[in-house]
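Chemist: generate coordinates for the sequence data below:
(one chain, ligands or ions: 1)
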Amino acid sequence: MSRPVIATIDLQALGHNLQVVRRAAPKSKVWSVVKANAYGHGLDRVWRALGTTDGFAMLNLEEAILLRERGWKGPILMLEGFFHADELPLYDKYRLTTSLHSNWQINALQNARLQAPLDIYLKVNSGMNRLGFMPERVYTAWQQLRSLANVGEITLMSHFAEAERMDGVSQPMARIEQAAEGLDAPRSLANSAATLWHPQTHFDWVRPGIVLYGASPSGVWQDVATSGIHPVMTLSSEIIAVQTLKAGEAVGYGCRYRASAECRIGVVACGYADGYPRIVPSGTPVMVEGVRTGIVGAVSMDMLTIDLTPCPQAGIGSPVELWGNAVKIDEVAAAAGTVGYELMCALAPRVPVVTV
Ligand SMILES: *Cc1c(COP(=O)(O)O)cnc(C)c1O
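Modeler: Down below sits the predicted model:
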C-alpha cells in the first residue's frame, strides 16, 4: 500500500453501538440494518461484529445470500421486499422475511410455489409516501395475506419521514394506529432516530442503521454526543507535501483560497475520488497530529490542502484524520450540505480498508 489514504473500521465500536441500541430499546428485538454494503463499511467485513443482533435487515438479494453463505442462520428482513415475482424461490430457499408494500406482491405470493410459508412485513404508508399501503387498506390486505398458505407470521411495518424531529412521529403514529385497528399484529416502526428519541415507537422490533455506525440520524453530532455511540469508520491519510504561500498567493483549482499572510499549507493524499466531498468550503475541519485545523481551497480528485498555521510541527508524513473520532463524519457532512449516511456509503472502492 503506497498511497497513504486508508479507512479504518472499528469493529468493537460497532458491537458497542449495538449495546447502546439495546439499552435504548430494552424490550425490543433489533434488526441491525446493513443495507448498502453495511452503509459502506463492508457487509462481509462487519456483520460478525453485530453477531448478537436478533436479525439483519437489507435490500439486496446478493447481500442476503452472502450472509446465509457465511453461516448466519437468524432472521433476514428484506426492507423493500421482492422486486419481481421470480425472486420468490430464492426467498424460499434462503428463508428471507419480505416486506410487502404493493398489491402485485400479494398476487405473486399467492401464485408462488414455496416449500414453506414466508414471514411478511406488511408495510404501512404512514406519511412518507414512498412504499406501503394506505392505513385504510391495511386491514383488508392483512386478511388477504392471512388466507394464503404461503404466508407465515405477519408484522406491521412502517418508516418515519422525520423521526429526528421532536414532534416528528405523532402524526405517523396516529396513521399506524388507524392501520392496526382490529389487528393483533406485532410491529416494527423505529429507525435510529425513533429508537433513540421516541420510545413510544419501539414495539416488537426496532430497525437502527446509522447509529450502529456511530453517526447521527439528524446529521448533527451534538444530538447523539451523550448517547454513548462511537464512530466506526475513520478516514485518514498523510501530508505528502508542504507549501509556503506568501500573502496574496492562492492554492488549488479555481484559486478558491488566497493567503492573507504568509502561511504553510499541507497537501494531503485524499480527494473526491476517495469519497471525500468536493463541495466543502475552506475551514472544514481536519485533525493533524492531534490539532484541529481546516481545509483551504478546492478539494481535488486525489488531494486536498489544509492550513498548517495551528500546527507548525506538522510536515511531510504527518497523519491526518479526515473523519473519525476527532472530526465527526457529521461535521464534514454538514459542511458538504449532506448527512453522514451519504459520506459513508460513498467511500470509494479504491480506498483500502482495515479493521481493528
Ligand atoms: C434504512 C432504513 C432503516 C434504518 O434507518 P436509519 O436512519 O439508518 O436508522 C430502517 N428502516 C428502513 C425501512 C430503512 O430503509
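Chemist: got a pLDDT number for residue 2?
Modeler: Note on residue 2: pLDDT of 89.
Chemist: quick check: phi and psi on the closest residue in space to residue 239 that isn't next to it in sequence?
Modeler: Nearest non-adjacent residue to residue 239, counting by CB to CB, 6 or more residues apart in numbering: residue 266, 4.2 Å away. C-beta: built from backbone N, CA, C; applies to glycine. Backbone torsions of residue 266, given as degrees, to the nearest 10, read phi -100, psi 140.
Chemist: surely residue 242 is within a strand?
Modeler: Yes - under DSSP: H, G, I helix; E, B strand; the rest coil, residue 242 sits within a strand.
Chemist: show me the contacts for it.
Modeler: For residue 242, the contacting residues are 264-267, 308, 315-316, by CB atoms under 8 Å, 6 or more residues apart in numbering.
Chemist: mind giving me the PyMOL command for buried ones among those?
Modeler: The buried residues among the contacts of residue 242 can be selected in PyMOL (16 or more other CB atoms under 10 Å) with this line:
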select buried, resi 264+265+266+267+308
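Chemist: distance check, the closest residue to residue 346 other than its chain neighbours against the ligand.
Modeler: What sits nearest to residue 346 in space, not counting adjacent residues and going by CB to CB, 6+ apart, is residue 275, at 4.6 Å. Distance, residue 275 to the ligand, by CB to the nearest ligand atom, to the nearest Å: 18 Å.
Chemist: equivalent analysis for residue 222, please.
Modeler: To the ligand, residue 222 is 17 Å away according to CB to the nearest ligand atom.
Chemist: same check, this time on residue 117
Modeler: Residue 117 is 22 Å from the ligand, where distance means CB to the nearest ligand atom.
Chemist: again with residue 6
Modeler: From residue 6 to the ligand the distance is 25 Å (CB to the nearest ligand atom).
Chemist: next to the ligand, which bits of the stretch 101-250 of the chain? Give me the list.
Modeler: Listed as neighbours of the ligand in the stretch 101-250 of the chain under the rule CB under 6 Å from any ligand atom: 159, 191-192, 207-210, 217.
Chemist: which ones among those are found in helices?
Modeler: Cross-referencing those against helices under DSSP state H gives residue 192.
Chemist: ok, which pair from the residues of the stretch 101-250 of the chain next to the ligand is furthest apart?
Modeler: 159 and 210 (13.5 Å; CB to CB).
Chemist: and the residue in the chain positioned nearest to the ligand, what's its pLDDT?
Modeler: With CB to the nearest ligand atom as the measure, residue 209 is the residue of the chain nearest to the ligand, at 2.5 Å. Turning to residue 209, the model gives it a pLDDT of 98.
Chemist: which ones are touching the nearest residue to it once chain neighbours are set aside?
Modeler: Sequence neighbours aside, residue 33 is the residue nearest to residue 209 in space, at 3.5 Å (criterion: CB to CB, 6+ apart). Contact analysis of residue 33 by CB under 8 Å, 6+ apart lists 39, 56-58, 79, 191, 207-209, 212.
Chemist: for residue 33, give its distance to residue 295.
Modeler: According to CB to CB, to the nearest Å, residue 33 stands 31 Å off from residue 295.
Chemist: again with residue 354
Modeler: 24 Å.
Chemist: which one of those two has more residues nearby?
Modeler: Higher neighbour count among residue 354 and residue 295: residue 295, with 24 against 11, using other CB atoms under 10 Å.
Chemist: list the contacts for the nearest residue to the more buried one once chain neighbours are set aside?
Modeler: In this structure, residue 295 finds its nearest non-sequential neighbour in residue 284, 4.5 Å apart by CB to CB, 6+ apart. Contact analysis of residue 284 by CB under 8 Å, 6+ apart lists 294-295, 331-332, 335-336.
Chemist: and for residue 183, the neighbour number?
Modeler: 16.
Chemist: these two touch, right, residue 262 and residue 247?
Modeler: Yes - using CB atoms under 8 Å, residue 262 is in contact with residue 247, at 6.0 Å.
Chemist: top helix in the protein by residue count?
Modeler: The longest helix of the chain (DSSP H) is helix 11-24.
Chemist: remind me what that helix packs against, helices and strands.
Modeler: On a contact count with 3 or more CB pairs under 8 Å, 6 or more residues apart in numbering; DSSP states H and E, helix 11-24 meets strand 29-33, helix 192-197.
Chemist: next, the angle from it to strand 29-33.
Modeler: If you take axes from the mean of the first three to the mean of the last three CA atoms, to 10 degrees, helix 11-24 sits at 140 degrees to strand 29-33.
Chemist: model confidence over helix 11-24, on average?
Modeler: Helix 11-24 comes out at a mean pLDDT of 98.
Chemist: list the buried residues for that helix?
Modeler: Residues 11, 13-18, 20-22, 24 are the ones in helix 11-24 that count as buried (16+ other CB under 10 Å).
Chemist: before we move on, what about stretch 86-98?
Modeler: Residues of stretch 86-98 classed as buried by neighbour count (16+ other CB under 10 Å): 87-88, 91-92, 95-98.
Chemist: mind checking which of the residues you listed are in helices?
Modeler: Per DSSP H, these map to helices at 88, 91-92.
Chemist: save those residues as CSV, and put in distance to residue 126 too.
Modeler: Converted to CSV, these look like this (distance: CB to CB, whole Å):
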residue, distance to residue 126
88, 27
91, 25
92, 29
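Chemist: kindly indicate which of the residues you listed lies nearest residue 154.
Modeler: Checking these one by one against residue 154 (CB to CB), the nearest turns out to be residue 91, at 15.2 Å.
Chemist: cool, thanks, talk later.
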